[in-house]
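K.L.:
Sharing a sequence plus its predicted fold:
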Amino acid sequence: MQTIRRRLLTLAAACALAPGLALAQSDTVKIGLILPLTGPFASTGRQVEAAVRLYMQQNGSTVAGKKIELVVKDDTSAPDIAKRIAQEMVNDKVAVLAGFGLTPLALAVAPVATQAKVPEVVMAAGTSTITEASPYIVRSSFTVAQSVVPMAEWAAKNGMKKVVTIVTDFAPGIDAEKVFSESFTKAGGKVENVRVPLRNPDFAPFLQRAADEKPDAIFVFVPSGAGTQLMKQYAERGLDKSGIKLIGTGDMTDDDILNDMGDVALGVITAQFYSAAHPSAENKAFVDAFKKANKGMRPNFMAVGGYDGMHLIYEALKKTNGNTDGDALVAAMKSMAWTSPRGPISIDPATRDIVQNIYVRKVEKVGGELYNVEFATIPNVKDPVKAAKQ
Amino acid sequence: MLTILFDGVAYGMLLFVLAVGLSVTLGLMNFVNLAHGAFAMAGGYVTVVLMSRYGVPFVACLPVAFLAAAALGAVLERTLYRRLYDRPHLDHVLFSIGIVFMAVAAVDYTMGSQQQNVRLPPWLSGRFDIAGVGIGRYRAFLIAICGALVVALQLVVSRTRFGSRLRAAVDDRRVARGLGIPVDRIFAATFAVGSGLAGLGGALGAEILGLDPTFPLKFMIYFLIVVTVGGTRGIVGPFVAALVLGLADVAGKYYVPASGAFVIYTLMIAILLVRPQGLFARPR
């Protein structure tokens, strides 16, 4: 017993010393990218990885005299696997953990980041509370409420009095329902809530019920992919012609799959932070380069999260002059501001969450392809959930 | 109200086409084939690929989906399934659930994990009104096709020589064999048709149910409920069960959305308490 304990202690001491030694010698900076590359959320991983690689290709792989080495691993959307990979990467002395396609994955890694004092850059997951899980989490993507609140306020301002919400009965759906209902009621509107089970094959009865309430609009929040089904059945029911508008967050009209949805998506109004059709020089360059590098695949909001996340890491390394100390990097990331393909963005130093413009968009045909065309801007939106707490 | 009725019937019909093959293999051949949904998925993906890559019109894809799934069923039956006919049910379950996982992974790898979309021709999309009842064109189309299938299947099983041989083979395999009935070939053909029907169901259902690699797992429970409630003998049982469940599901979700998802399970429990052998089964 005694010897085992002594051995363990020696081992622990060696481990504790090792990173310090490596830090002093190493000329490379490892970045661990953990993404769902297989399984139902593989499209998220594919988009983020493509964007990260594009950023490195455009900006070179040397920052502040250090060589950047990207390590990509598949978490298969399983939190315990994400955590294990993160732990292995930390043992392997990565300077930054990045990626995280879904909320549970980001949360599972948070304790590892805290303990190892390694920054965790969340490039995709969107639940508000994520940044509170560790002081080393910085987010380059979005929060769900960030899109939902502007959508509710826009709806109220544009003459909508009554809205029926249809959300999937899972955590982000219930969050969206709650946030939408609160903001819309506060703005003087009336809301009815309908929840759809997660494994639901047919939206017909829910849409019929919503339609019978004769609302001005139906607000929808469903997992990516299911949105297409819902839009089709909305059109099949003739609701598009009956004057009931379909509104939601940008997940529903994801740029990655929007063009395959067909004309049923036309006229759908969503609020989100990124559209591949965003009219700016930065975005045009980004979209063109992204398509060229990925056989014509259109970047979506996940891709821009990955691209900006990589920018955040590069700029932080420049600021610290190549120092990979976790606290120094996070400090450098706080209050960083720049113009991304999505528009002007910054990192809120108080919450380490992203501050960005939210655009209200409508699906239209541009040059024979379907795009989310932005027509209204709500500037500098902070995460409303955390803002309400302060 | 009538719209809900109509939607429920269409949904029930779809469930029937998807599940009838399972009721055939389970009820007639006494084989527990949990991989049934994999054949449905095959049909769905055949349709999607034909439509999006080769521009084949939707209606022309339906027979192809049937044939492709039937061929796949026939091949697997000859090579794998037939070895297990005489094994206990647990072996059936383990084997077929293994097939499901392999199918899910294979489709994920080759086609990607995203939802696939079927673009319907214009004459099948939208809706029309009859006496103030809104009727979706596609749902009407579903009801017509599935209705015709029910009649055809019932006639084949109850009126044709093939049907009576099949029933004989199921009732007593050894005696049927002794009478010179080619039991092996009949089972193979039946299995292929059952798989083909699933493929057709997958092709028809892609529009309403969606299609992604987890399809066989997602809808397994629905197939099983239809077969359990309907009883496993004949075609009428699963048909009535599918209709009842389709209606109950749609109506339940419409009138009591908060607990709508549980209506069909409650109904299943209630029916099975009264008739443990299913709605239309001979008591054993």
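P.N.:
Sure thing, it's come through.
K.L.:
contacts, neighbours, all on C-alpha from now
P.N.:
Fine.
K.L.:
show me what contacts the closest residue to B:Gly231 other than its chain neighbours?
P.N.:
Take B:Gly231 and drop its neighbours on the chain: the residue closest to it by Cα to Cα, 6 or more residues apart in numbering or on different chains is B:Gly278, 4.0 Å away. Applying Cα atoms under 8 Å, 6 or more residues apart in numbering or on different chains to B:Gly278 gives the contacts B:Thr228, B:Val229, B:Gly230, B:Gly231, B:Thr232, B:Gly237, B:Ile271, B:Leu272.
K.L.:
name the helices or strands packed onto the top helix by length along chain B?
P.N.:
The residue-count maximum for a helix in chain B (DSSP state H) belongs to helix B:183-209. Under the contact definition 3 or more Cα pairs under 8 Å, 6 or more residues apart in numbering or on different chains; DSSP states H and E, helix B:183-209 sits against helix A:226-236, helix B:2-23, helix B:36-54, helix B:58-79, helix B:161-171, helix B:173-178.
K.L.:
could those helices be laid out in CSV, adding mean pLDDT and mean neighbour count?
P.N.:
Below are the helices and strands packed on helix B:183-209 laid out as CSV (pLDDT from 0 to 100; neighbours: other Cα atoms under 10 Å in any protein chain shown):
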stretch, mean pLDDT, mean neighbour count
helix A:226-236, 83, 23
helix B:2-23, 86, 26
helix B:36-54, 90, 25
helix B:58-79, 92, 20
helix B:161-171, 84, 17
helix B:173-178, 84, 14
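K.L.:
Export these to TSV and append columns for distance to A:Tyr274.
P.N.:
Shown next, in TSV, are these (distance: least, Cα to Cα, whole Å):
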stretch	distance to A:Tyr274
helix A:226-236	18
helix B:2-23	37
helix B:36-54	28
helix B:58-79	34
helix B:161-171	60
helix B:173-178	64
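K.L.:
immediately after the helix or strand containing A:Gln115, which helix or strand?
P.N.:
A:Gln115 is located in helix A:103-116, with elements delineated by DSSP states H and E. The C-terminal neighbour of helix A:103-116 among helices and strands, as given by DSSP H and E, is strand A:120-122.
K.L.:
which residues are in contact with whichever helix or strand comes after that next one?
P.N.:
Using DSSP H and E, the helix or strand that directly follows strand A:120-122 along the chain is strand A:137-139. The contact list for strand A:137-139, computed with Cα under 8 Å, 6+ apart, reads A:110, A:113, A:119-123, A:130-131, A:309, A:330, A:333, A:347, A:352-354.
K.L.:
if we go to 10 Å?
P.N.:
Residues external to strand A:137-139 that are found in contact with it (Cα atoms under 10 Å, 6 or more residues apart in numbering or on different chains): A:97-99, A:106-107, A:109-110, A:113-114, A:118-126, A:130-132, A:305, A:308-309, A:312, A:330, A:333-334, A:347-349, A:351-355.
K.L.:
Which helix or strand lies directly C-terminal to it?
P.N.:
Proceeding N to C from strand A:137-139, the next assigned helix or strand is helix A:144-157, under DSSP H and E.
K.L.:
Go through the worst-scoring helix or strand of chain B on mean pLDDT and flag the buried ones.
P.N.:
Across the helices and strands of chain B, mean pLDDT, DSSP states H and E gives its lowest value to strand B:127-130, namely a mean of 73. Buried residues in strand B:127-130, counted by 16 or more other Cα atoms under 10 Å in any protein chain shown: B:Arg127.
K.L.:
For A:Lys362, give me phi and psi.
P.N.:
The phi/psi pair for A:Lys362 (degrees, to the nearest 10) reads phi -130, psi 140.
K.L.:
what helix or strand is the residue nearest to B:Gly231 on?
P.N.:
Taking DSSP H and E as the definition, one finds B:Gly278 inside no helix or strand.
K.L.:
burial count for A:Glu213?
P.N.:
A:Glu213 has 12 neighbours, counted by other Cα atoms under 10 Å in any protein chain shown.
K.L.:
pretty sure it contacts A:Phe206?
P.N.:
No - at 11.1 Å, A:Glu213 and A:Phe206 do not qualify as touching, with contact defined as Cα atoms under 10 Å.
K.L.:
Now list whatever residues contact both of those two.
P.N.:
With the criterion set as Cα under 10 Å, 6+ apart, the contacts of A:Glu213 and A:Phe206 do not overlap.
K.L.:
excluding its backbone neighbours, what's nearest the closest residue to chain A within the stretch 1-150 of chain B?
P.N.:
Nearest to chain A in the stretch 1-150 of chain B, going by Cα to the nearest Cα, is B:Gly126, at a distance of 4.3 Å. In space, B:Gly126 comes closest to A:Glu236 once its chain neighbours are excluded; the distance is 4.3 Å by Cα to Cα, 6+ apart.
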